[in-house]
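>>> here is my input; please provide its structure:
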Amino acid sequence: MFSDFGDAAQRHMAIVWSCIFACTLADAIWLPNSGLSFTSSNWISILQCVAYSGTAAAFIAIASNRLGGDQRRPAVWLRQCLFMTELFWRAFLPISALLTAGSTLSYLIAAAKLPLRDDVLAGFDHLLGFDWPTFLAMTNSNSLVATLLTTAYQSTGLLSQVVLVWLILQRRGDRVAEFIAVLSLSAVALCIGMWLILAAGAFAYFGPAPSSYEHFAAHGPMWTFGRTFSMLHDGSLSVINLSIVDGIVSFPSFHTMLGVMTTYAARDTRWLFVPVFVVNATMIVATMPVGGHHLADVLAGGGLTIAAILVVRLSARLSVSRT
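I've put the predicted structure just below:
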């Protein structure tokens, strides 16, 4: 619960575990009544993860006890390494649980036979004066621009891991708890948004000609997750295999969410914040041509994550006012 990092961190983790419980409860109720099923390998993977986590916890506890109050330099250095290892373990556990429960819930929503609302999202974009096919063709017209956008889009996961590892190396457990809390609230908002406005994405709605994305396609197949989404929606895919799970959410954009929260998490370190901001700003632009998102997806993803940040900040202020 990160209670050793203050009341605010403990409140943040209360938010985290509440979100994980909510997603897990939804999965437990929905899965038996859906057309989907878990593969047996999922349960094996979950049990292995629990076993590894338990082993890690035991190792950390035993090593901490053995080192005790030893003030020799090697012992001090080992305690510092052990503390960072423990912090990494404490972050890994809820994030893994959240991704497992959230990914399962997204698959259940995609398979729920809800009507697709891409026409609504495209109509909203039109009201803002944004035309997705034109934007795709414009960004594809220059191979360098296409390369930069594709590289930025593909760096999202790695960049978020770099920022999280940096917080751990800095022993900022309070910031780690804050990041996981924003991630958890954003994940819940993502699933609710997906349920309210299920969309296949701009790539599926507009069906662009190959010539309009040839420079992007040079970096690999385009919009491959759309096949998984379509198979879930039409019922041809009926098994959830967590080892090969795809990110299938179009509305709101999870890439945008991750970009906003990662940039926010890096705010205290200027040398890290500037490149993270630049790469994530480029990535958010790339979510439309590379990720196949409507502009509405991007705006919703950014807005929901900013709202999650405000909720987490309010929670921290309440904990301070009570002390």
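
>>> CA atoms for contacts and neighbours, from now on please.
Fine.

>>> OK, contacts around Phe206?
Pro133 (CA atoms under 8 Å, 6 or more residues apart in numbering).

>>> relative to Thr134, how far out is it?
Per CA to CA, to the nearest Å, Phe206 is found 11 Å from Thr134.

>>> the stretch 201-323 of the chain: strands as residue ranges?
239-240 (DSSP state E, counting those that start in this stretch).

>>> which residues in the stretch 151-300 of the chain form helices?
Remark: helices assigned in the stretch 151-300 of the chain by DSSP state H, counting those that start in this stretch are 156-169, 173-196, 202-206, 214-217, 225-234, 254-265, 270-286, 295-322.

>>> next, the most far-flung residue of the chain relative to its centre: phi, psi?
The C-alpha centroid of the chain is most remote from Arg72, which lies 41.3 Å away (CA atoms, centre = their mean). The phi and psi values for Arg72, taken as degrees, to the nearest 10, are phi -70, psi 150.

>>> could you do Trp223 as well?
The phi/psi pair for Trp223 (degrees, to the nearest 10) reads phi 50, psi 50.

>>> how close does Cys191 get to Glu178?
From Cys191 to Glu178 the distance is 20 Å (CA to CA).

>>> Met222: how many residues sit nearby?
Neighbourhood size, Met222 [other CA atoms under 10 Å]: 18.

>>> quick check: it vs Phe229, distance?
14 Å.

>>> any chance of JSON lines for the helices of the stretch 151-300 of the chain, columns mean pLDDT and distance to Ala111?
Converted to JSON lines, these look like this (pLDDT from 0 to 100; distance: least, CA to CA, whole Å):
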{"stretch": "helix 156-169", "mean pLDDT": "93", "distance to Ala111": "26"}
{"stretch": "helix 173-196", "mean pLDDT": "96", "distance to Ala111": "11"}
{"stretch": "helix 202-206", "mean pLDDT": "93", "distance to Ala111": "17"}
{"stretch": "helix 214-217", "mean pLDDT": "90", "distance to Ala111": "28"}
{"stretch": "helix 225-234", "mean pLDDT": "89", "distance to Ala111": "5"}
{"stretch": "helix 254-265", "mean pLDDT": "96", "distance to Ala111": "19"}
{"stretch": "helix 270-286", "mean pLDDT": "95", "distance to Ala111": "27"}
{"stretch": "helix 295-322", "mean pLDDT": "90", "distance to Ala111": "20"}
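
>>> so which of those is nearest Asp27?
For Asp27, the closest of those is helix 173-196, at 11.6 Å, according to CA to CA.

>>> for stretch 189-207, the distance to its chain's centre please.
16 Å (CA atoms, centre = their mean, to the nearest Å).
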